[in-house]
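Asks: Kindly return the folded structure for what I paste below:
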Amino acid sequence: MEDNLNCSIIISVYKDTKSLDLILESLANQTIIPNEIVISEDGDSSEMRDYIKIAKEKYKNLDITHLFQEDKGWRKNIALNRAILASKYEYLIFIDGDCVPFDDFIENHIKQASKKIVLAGKRVELGESVTKEIYSKKLTVSRLTKNYWLYAIKLIRDKTRHLEDILHVSYKSFLAPFIKKEVNYIIGCNWSAFKEDILAINGFDETYTLPSVGEDVDLGWRFRGLGIELKSCRYNANIVHLYHKKRFDSTQGVINNAILKKNFDADKFFCDNGIIKKD
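Replies: Numbering: from 1, shown residues only. As a prediction, the model looks like this:
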């Protein structure tokens, strides 16, 4: 852990301003406010541009930067590489635009940060009914996550996935050292690292043009290949994933896994088609 660590949080979005507002509301009320918010839009929607203008007035304690690009299909990795280069601070935290952090999310990431270490978290996937209550303001994410045991039956009935990952134990709790946490891979919606370590693997591989694998699993093995280890921040730096219908299917995973295997077999940890492009 380093004192006085400054961080940028990078949020991957695509048109969903309703969820983004819940995220920014959470970030504006964190125990430690992030130094910068980078909205990484994989597209260029007028709705998002209009919303960002409102958000900058609504959340004046947040330094918000909005990046966008032409909407030409799934190009999340390109957008994320642009966000890495544009970020102003040395430590980067990544979440998706449908994931709302617990109130001490930023604190639990930066207070456990170390160079040559990637912090990898998890997420609890809310069901449709509870998500509707959050969108309608009948229930806030903060109230749910502070008192999740009171909502256990509701969450079970709503078919919440990965419910165990709503359990929260701060990094500074006396219980934290006793909780077994293993990590084998990165989940793209909740991880963080020093910018210099991300640049060491050349960022995201832009060869992936379909969701899954390319923005998470691919990163993990490339980090480890260069001696940058994964460390779990599960149960510490928690997020809730808002319900939506799945946006990709298993066929996309097959295509991505073929790309992964080719690079894995070649021990290609510094990707050819990342922030720096191979000639």
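
Asks: Specify the local secondary structure of D21.
Replies: helix (DSSP: H, G, I helix; E, B strand; the rest coil).

Asks: Need the pLDDT of it.
Replies: Among the per-residue scores, D21 holds a pLDDT of 98.

Asks: Closest to the centroid, which residue in this structure?
Replies: I95 (1.8 Å; CA atoms, centre = their mean).

Asks: buried stuff in the helix or strand hosting that one?
Replies: Counting by DSSP states H and E, the element that carries I95 is strand 91-96. With burial defined by 16 or more other CB atoms under 10 Å, the residues of strand 91-96 counted as buried are 91-96. No exception for glycine: its C-beta is placed from N, CA and C like everyone else's.

Asks: How much space separates the residue nearest to the centre of the chain from A258?
Replies: Between I95 and A258 the computed distance is 28 Å (CB to CB, to the nearest Å).

Asks: Quick check, Y171 in contact with Y235.
Replies: No. Assessed by CB atoms under 8 Å, Y171 is found out of contact with Y235, at 9.4 Å.

Asks: per-residue confidence at the nearest residue to G188 once chain neighbours are set aside?
Replies: Nearest residue to G188, sequence neighbours excluded (CB to CB, 6 or more residues apart in numbering): D216, at 3.8 Å. The predicted local distance difference test score for D216 is 85.

Asks: if I read this right, D216 contacts I186, doesn't it?
Replies: Yes. With contacts defined as CB under 8 Å, D216 counts as touching I186 at a distance of 4.8 Å.

Asks: those helices in the stretch 51-200 of the chain, which residues are they?
Replies: With helices called from DSSP state H, counting those that start in this stretch, the stretch 51-200 of the chain shows them at 76-86, 105-110, 128-135, 141-146, 152-157, 195-200.

Asks: wait, what's in contact with the residue nearest to the centre of the chain?
Replies: The neighbourhood of I95, defined by CB atoms under 8 Å, 6 or more residues apart in numbering, consists of 9-12, 23, 101, 189-190, 239.

Asks: Lowest-confidence member of those, which is it?
Replies: Scanning the contacts of I95 for pLDDT, the low point is C189. It has 94.

Asks: That one: neighbouring residues, count only.
Replies: For C189, the neighbour count with other CB atoms under 10 Å is 20.

Asks: Quickly note the distance from the nearest residue to it once chain neighbours are set aside to G227.
Replies: The shortest distance from C189 to any residue that is not its chain neighbour, by CB to CB, 6+ apart, is 3.9 Å, and that residue is D96. Relative to G227, D96 is positioned 27 Å away (criterion: CB to CB).

Asks: Also H162?
Replies: In terms of CB to CB, H162 sits 30 Å off from G227.

Asks: just H109 next, same as before
Replies: From H109 over to G227 (counting by CB to CB), the distance is 21 Å.

Asks: So if I had to pick from these two, which one is more boxed in?
Replies: With neighbours defined as other CB under 10 Å, H109 and G227 compare such that H109 has more, 29 against 10.

Asks: close enough to count as contact, that one and L119?
Replies: Yes. Under the criterion of CB under 8 Å, H109 is in contact with L119, at a separation of 5.9 Å.

Asks: Any chance you could list residues touching both of these two?
Replies: With contacts taken as CB under 8 Å, 6+ apart, the residues that reach both H109 and L119 are 192, 233, 237.
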